[in-house]
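# this is a predicted model, with the sequence first.
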Amino acid sequence: MARDSGIWQNSFIFISVDFNFSLRPKIKRQQLQQRQGTKTGKKKKMHSFGYRANALLTFAVTILALMCAIASLSDNLNTPSPSAQIEILNINWFQKQPHGNDEVSLTLNITADLQSLFTWNTKQLFIFVAAEYETPKNALNQVSLWDAIIPAKEFAKFSIHTSNKYRFIDQGHNLRSKEFNLTLHWHVMPKTGKMFANKIVMSGYRLPEDYR
Amino acid sequence: MDWQGQKLAEHLMQILLLAFAVVAFATGYIMGSFQMMILIYAGGVVLTTLVTVPNWPFFNRHPLKWLDPSEAEKHPKPQLAVNSKKKSVKKN
């Protein structure tokens, strides 16, 4: 047993010696002249290839993060001036479903010019049209009727003729002769940083009195 | 490398990266192209890596003075303390 522990000791020392020599940065133990020269007595360490590469990579990524933050802040300098009109061309049908909920189908003509919302840091623009109205049960009901993704500035000025993409269904049967607003919402999705969202409210729309 | 060279390499890396970042941002902002900014910056990082990371000769203009082998033998390497290692092995 004594013999075994002896071998372990020697091999342990051997391993620790190797560890010190291979992974620590090289300390110039033989530079007696240099050691005498340093006034503070602080040991200088030579940077290895890996050390420099690591320092460079970390610094580069930190600066990249700062650049992206400044790019996002530069979006605040943009003063947009969007415009939009929505026209209800036709009410296709207006029914009461078997379970008691009202449903409407509309044909809309949506015209908008959202080009001023795009900046150099904009990836895409997400827009949607919502119908807003009041019921005795809820102060505000919002039903999304149509949405689209605008990938570039060229497509931001458009006029589209469409029926509602998503069903306009009420919670109940409150829609007869209901006054409602059509709101165009947009979300400016950036390449880096903060997302801005805003809307235009267009009021003055009214549903018919009876089911069709 | 030597000590002066090491200092030079570190300073050069920081200044080059900052300069490329400023140029990249300005170009991207003026041209209105995010991609241009990223490309210029990536090119700058690669260039800086090639200039500062490898062990070029101009980093070794004040070479270190090493002792002669005959001198080195008069100052032997310090021995590691054997007693502390014995204690840690026994605990296991």
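Perfect, I can see it now. Residues are numbered from 1 along each chain as shown, chains lettered A, B, ... in the order given.
# quick one: the helices in chain A?
Assigned by DSSP state H, chain A shows helices spanning A:2-23, A:32-37, A:49-74.
# next, count neighbours for A:Ser203.
10 (other CB atoms under 10 Å in any protein chain shown). For every residue, glycine as well, the C-beta is placed using N, CA and C.
# please disregard the earlier target; I meant B:Leu39.
Neighbour number of B:Leu39 under other CB under 10 Å is 14.
# what do you get for A:Val129?
25.
# try A:Lys178
What A:Lys178 shows, counting by other CB under 10 Å, is a neighbour count of 19.
# how far away is it from chain B?
Applying CB to the nearest CB, to the nearest Å, the value for A:Lys178 to chain B is 45 Å.
# and that residue, what does it touch?
Taking CB atoms under 8 Å, 6 or more residues apart in numbering or on different chains, we find A:Lys178 in contact with A:Tyr133, A:Arg206, A:Leu207.
# the residues you listed: which ones sit near chain B?
Here nothing survives when these are matched to chain B using CB under 8 Å from any CB of the partner chain.
# mind giving me the ChimeraX command for buried ones among those residues?
The buried residues among these can be selected in ChimeraX (16 or more other CB atoms under 10 Å in any protein chain shown) with this line:
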select /A:133,207
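# lowest mean pLDDT across the helices of chain A, which one is that?
For the helices of chain A, mean pLDDT drops lowest on helix A:2-23, to a mean of 43.
# model confidence for the closest residue to A:Asn90 other than its chain neighbours, exactly?
Among residues not flanking A:Asn90 along the chain, A:Thr107 sits closest, at 4.3 Å (CB to CB, 6 or more residues apart in numbering or on different chains). Note for A:Thr107: predicted pLDDT of 94.
# and the helix or strand containing B:Leu50, which residues are buried?
Using DSSP states H and E, B:Leu50 sits in helix B:34-52. Neighbour-count burial for helix B:34-52 flags B:Phe34, B:Met36, B:Met37, B:Ile38, B:Ile40, B:Tyr41, B:Gly44, B:Val45, B:Thr48, B:Thr49, B:Thr52 (criterion: 16+ other CB under 10 Å).
# quick one: list the elements packing against it.
Here helix B:34-52 touches helix A:49-74, helix B:3-31, going by 3 or more CB pairs under 8 Å, 6 or more residues apart in numbering or on different chains; DSSP states H and E.
# before we move on, back to that, which ones are touching the residue nearest to A:Asn90?
By CB under 8 Å, 6+ apart, the contact list for A:Thr107 reads A:Ile88, A:Leu89, A:Asn90, A:Ile91, A:Asn92, A:His161, A:Thr162, A:Ser163.
# beta-bridge partners for it, please?
A:Asn90, A:Ser163 (DSSP bridges).
# just to revisit the earlier point, need the next SSE after the helix holding B:Leu50, C-terminal direction.
That would be, after helix B:34-52 and using DSSP H and E, helix B:69-74.
# that following helix: how far from the chain's middle?
30 Å (CA atoms, centre = their mean, to the nearest Å).
# same question for stretch A:142-158.
17 Å.
# buried residues, that stretch. List them.
A:Val143, A:Ser144, A:Leu145, A:Trp146, A:Ala148, A:Ile150, A:Lys153, A:Ala156.
# below-threshold pLDDT in chain A: ranges please.
A:1-42 (pLDDT under 70).
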